[in-house]
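Peer 1: Take a look and give me a structure for this.
(4 chains)
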Number of protein chains: 2
Amino acid sequence: MNIDRNSAIVNMNTREKILETAERLFAERGFEATSLRHITTEAGVNLAAVNYHFGSKEGLLREVLKNRIVPMNESRQILLEKSRFQSQDGVVSLERIYEAFLRPFFNIGAPGGDSNGLFLRMLGRISSEKPGFMKGLYQEHFKEIQELFVAAIGEAQPELSREEIHWKFHFALSLMLGSMIQRQRLKFSSNGYCDPDDIEGLIQHLIEFICAGFRSAGQPKSNFKFAGIQP
Amino acid sequence: MNIDRNSAIVNMNTREKILETAERLFAERGFEATSLRHITTEAGVNLAAVNYHFGSKEGLLREVLKNRIVPMNESRQILLEKSRFQSQDGVVSLERIYEAFLRPFFNIGAPGGDSNGLFLRMLGRISSEKPGFMKGLYQEHFKEIQELFVAAIGEAQPELSREEIHWKFHFALSLMLGSMIQRQRLKFSSNGYCDPDDIEGLIQHLIEFICAGFRSAGQPKSNFKFAGIQP
DNA sequence: GTCTATATGGGGATAGAC
DNA sequence: GTCTATCCCCATATAGAC
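Peer 2: Have a look, this model is predicted:
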């Protein structure tokens, strides 16, 4: 039943044990730095089982990611539809759109107890470690959901050009991943002013920051004269 | 004289050859995934030279980063001081502050011809690969420059609380790194609407997005009622 | 400072018995 | 499906000759 992902790893079958342990170790140490031997030892299974069940180390990674990403994107879609249903005219506000986009991302570990956001750090890390791999992942898992959200943003901010929407969407996505990857830095760089473990606060600050960015003029070249300083 | 970093690697001494090649390979493939053998083979030097000159693989990494970061931060400080001097009352606008902060970051490779931003991808990657290592790097190289810029932001936006400034500074930093790490994604995710190789456009869009975030209310909890949707 | 040679330990993957 | 045993590759680091 998989009630508590952190306990009773004994009661899982070999395949599940490997997935469970691999996810944790990939997140903690990175993909390259984690060996199959390390995974199988911690999981208490045989080394050869990985290749039997997943074909290769990369096959294992693909499965680990898929198990998290698919429910996350389903959740995003449901939240967006719910907000659209609750709206007056079918146009969802930017805040609601990004709440639907961000919340499942930060809850991706729940209810598995991934309160440290290890999985999210892994996702960000993989995206910089293996760009080719991520491109495939994008085509398979993120293309559709992105089109859905880009369309919703276009309805919420109809004055934005397609180019502007894509720039800003890219920034929002980069910020979401970056702020999670870099989250531990906030601990020692804010001199105690901010608590990086306050996920709810993080989400709210992020929504505010992102929506402000989407509402900005969108014409920086004409609105703002750059100094043209040479470094 | 080091006129062109990409040519005449033959004319460099062993230490420089190693630094040159290591920087490129760390950036292209990541730290863990790059072997000393690979570096020394491409550089055309002996394997043992790395340990002789840098003590260890991590010592080599430290030196590679230092060679880029120190000039970058000097450049940031100079740009900020120049903008302060040019201002009427010593208060620099947010746009100028972030231009001074961002431009040396994106020009970090120049005039070395790092037009692909490989070094920046490496920096972001290392920060997720080796958090402990980055903490040391932060203390050594980034603490001072951050305090300088946080102070300038506090003067430009005096109504922001310390907590808000640190959140937003963290976001801006995460976005800067994230947008560089994820830059290649923009190629295939924007359907051709945006050109990720247009660094000048990237800088201008970033400044606009970040400054809008800094000018947003700063009190999301009271200004915006969250839906409280459960995923 | 630079080389060869090697110590020492790990890596992913697989063949074949059970 | 799971195991043992092993192939073959690569890693970092160092000792010691030149």
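Peer 1: top helix in chain A by residue count?
Peer 2: Longest helix in chain A by number of residues, with DSSP state H as the criterion: helix A:57-86.
Peer 1: name the helices or strands packed onto that one?
Peer 2: helix A:14-29, helix A:36-43, helix A:48-54, helix A:94-106, helix A:118-129, helix A:131-137, helix A:143-156 (3 or more C-beta pairs under 8 Å, 6 or more residues apart in numbering or on different chains; DSSP states H and E). Heads up, the C-betas are built off the backbone N, CA and C, glycines and all.
Peer 1: mean confidence score for that helix?
Peer 2: Averaging pLDDT along helix A:57-86 yields 95.
Peer 1: Run the angle between that helix and helix A:14-29 for me.
Peer 2: Relative orientation of helix A:57-86 versus helix A:14-29 (axes from the mean of the first three to the mean of the last three C-alpha atoms, to 10 degrees): 80 degrees.
Peer 1: ok, and for helix A:57-86, which residues are buried?
Peer 2: For helix A:57-86, a neighbour-count test (16 or more other C-beta atoms under 10 Å in any protein chain shown) marks A:57, A:60-65, A:68-69, A:72-73, A:75-77, A:79-80, A:83-84 as buried.
Peer 1: gap between the closest residue to DNA strand D within chain A and residue A:55?
Peer 2: Minimum separation of chain A from DNA strand D (C-beta to the nearest atom of the strand) falls at residue A:46, amounting to 2.8 Å. Residue A:46 is 16 Å from residue A:55, where distance means C-beta to C-beta, to the nearest Å.
Peer 1: before we move on, could you check phi and psi at residue A:193?
Peer 2: Main-chain dihedrals, residue A:193, degrees, to the nearest 10: phi -70, psi -30.
Peer 1: Burial check on it, number of neighbours?
Peer 2: 15 (other C-beta atoms under 10 Å in any protein chain shown).
Peer 1: quick one on the thing from earlier: tell me, which of the helices and strands packed on helix A:57-86 is the model least confident about?
Peer 2: helix A:118-129 (a mean of 77).
Peer 1: Which residue comes closest to residue A:177 once chain neighbours are left out?
Peer 2: residue A:124 (4.4 Å; C-beta to C-beta, 6 or more residues apart in numbering or on different chains).
Peer 1: for that neighbour, what are its contacts?
Peer 2: Counting by C-beta atoms under 8 Å, 6 or more residues apart in numbering or on different chains, residue A:124 touches A:177-178, A:180-181, B:128, B:178, B:181.
Peer 1: Closest to the centroid, which residue in chain A?
Peer 2: residue A:105 (4.8 Å; C-alpha atoms, centre = their mean).
Peer 1: Relative to residue A:62, how far out is the spatially closest residue to residue A:17 that is not a sequence neighbour?
Peer 2: Take residue A:17 and drop its neighbours on the chain: the residue closest to it by C-beta to C-beta, 6+ apart is residue A:43, 4.3 Å away. Distance from residue A:43 to residue A:62, counting by C-beta to C-beta: 18 Å.
Peer 1: And the closest residue to DNA strand C within chain A, how far from residue A:25?
Peer 2: Here chain A gets closest to DNA strand C at one residue, residue A:35, 2.6 Å apart by C-beta to the nearest atom of the strand. Plainly put, residue A:35 is 9 Å away from residue A:25 if you go by C-beta to C-beta.
Peer 1: try residue A:102
Peer 2: 26 Å.
Peer 1: Just say helix, strand or coil for residue A:206.
Peer 2: State at residue A:206, reduced to three classes by DSSP: H, G, I helix; E, B strand; the rest coil: helix.
Peer 1: ok, how many other residues are close to the closest residue to it other than its chain neighbours?
Peer 2: What sits nearest to residue A:206 in space, not counting adjacent residues and going by C-beta to C-beta, 6+ apart, is residue A:102, at 6.1 Å. Neighbourhood size, residue A:102 [other C-beta under 10 Å]: 20.
Peer 1: thought residue A:17 was touching residue A:46?
Peer 2: No: using C-beta atoms under 8 Å, residue A:17 is not in contact with residue A:46, being 10.7 Å away.
Peer 1: So for those two, which residue has more residues nearby?
Peer 2: In this view residue A:17 and residue A:46 are compared by other C-beta under 10 Å, and residue A:17 has more residues nearby, 20 against 12.
Peer 1: Show residues contacting stretch A:133-141.
Peer 2: With C-beta under 8 Å, 6+ apart, stretch A:133-141 has contacts from A:58, A:61-62, A:65-66, A:69-70, A:73, A:126-127, B:185, B:188-189.
Peer 1: Over to stretch A:150-163?
Peer 2: By C-beta under 8 Å, 6+ apart, the residues outside stretch A:150-163 that reach it are A:80, A:84, A:90-94, A:97, A:165-166, A:168-169, A:214-215, A:218, B:190, B:193-194.
Peer 1: Please go through the residues you listed and note which also touch DNA strand D.
Peer 2: Among these, not one lies near DNA strand D by C-beta under 7 Å from any atom of the strand.
Peer 1: Select only the buried ones of these in ChimeraX?
Peer 2: To isolate the buried subset of these in ChimeraX, counting by 16+ other C-beta under 10 Å, use the following:
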select /A:80,84,92,93,94,97,165,166,168,169,214,215,218 /B:190,194
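Peer 1: how far away is the residue of chain A found nearest chain B from residue B:181?
Peer 2: Residue of chain A nearest chain B, by C-beta to the nearest C-beta: residue A:178 (2.6 Å). From residue A:178 across to residue B:181, the span is 7 Å (C-beta to C-beta).
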